[in-house]
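Asks: This is the structure alone, sequence omitted:
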């Protein structure tokens, strides 16, 4: 069973930065497309960013382009989400997810096979 554990969430003022990390168990990490999703109170969970198995391709939702950066370290079984210029609208629970189908669209929630428990990010105005 694959387990994903997120960390790095917290409370930050608008304009600040946070770096989320997600450590994945198992030896197949380098085969997975990794994604970050978020869910704000009263809203559906939404795609934030994804990265290909090699790290060569990245994908972002429009609202975070230029502010967030996704990266991965396959030697450490870890994916990161660097979040800069945070806004109150970024407040949400952030989830890490793994997809073992490299051909699947990276922004489609139901394509992902494994999920972490989430980490809270709160941005104050």
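Replies: Looks like it arrived, so ask away. Every value quoted in this text rests on a predicted model; they were computed, and no experiment measured them.

Asks: in a strand, that's where residue 59 is, yeah?
Replies: Yes: following the definition DSSP: H, G, I helix; E, B strand; the rest coil, residue 59 is counted among the residues of a strand.

Asks: just checking, it touches residue 106?
Replies: Yes: the pair residue 59 and residue 106 passes the contact test of Cβ atoms under 8 Å, sitting 4.8 Å apart. C-betas here are computed from N, CA, C, even on glycine.

Asks: the more surrounded of these two?
Replies: The neighbour count for residue 59 versus residue 106, taken as other Cβ atoms under 10 Å, is higher for residue 106 (20 against 17).

Asks: any shared contact partners between residue 59 and residue 106?
Replies: Contact criterion Cβ atoms under 8 Å, 6 or more residues apart in numbering; residues bridging residue 59 and residue 106 by contacting each: residue 50.

Asks: which residues sit in contact with the residue nearest the centre of the chain?
Replies: Centre of the chain computed as the mean C-alpha position; nearest residue by Cα atoms, centre = their mean is residue 36, 2.2 Å away. Each residue near residue 36 by Cβ under 8 Å, 6+ apart is listed here: 20, 22, 48, 49, 50, 70, 79, 81, 94, 95, 96, 97.

Asks: Identify the bridge partners of it.
Replies: Beta-bridge partners recorded for residue 36 (DSSP bridges): residue 49, residue 96.
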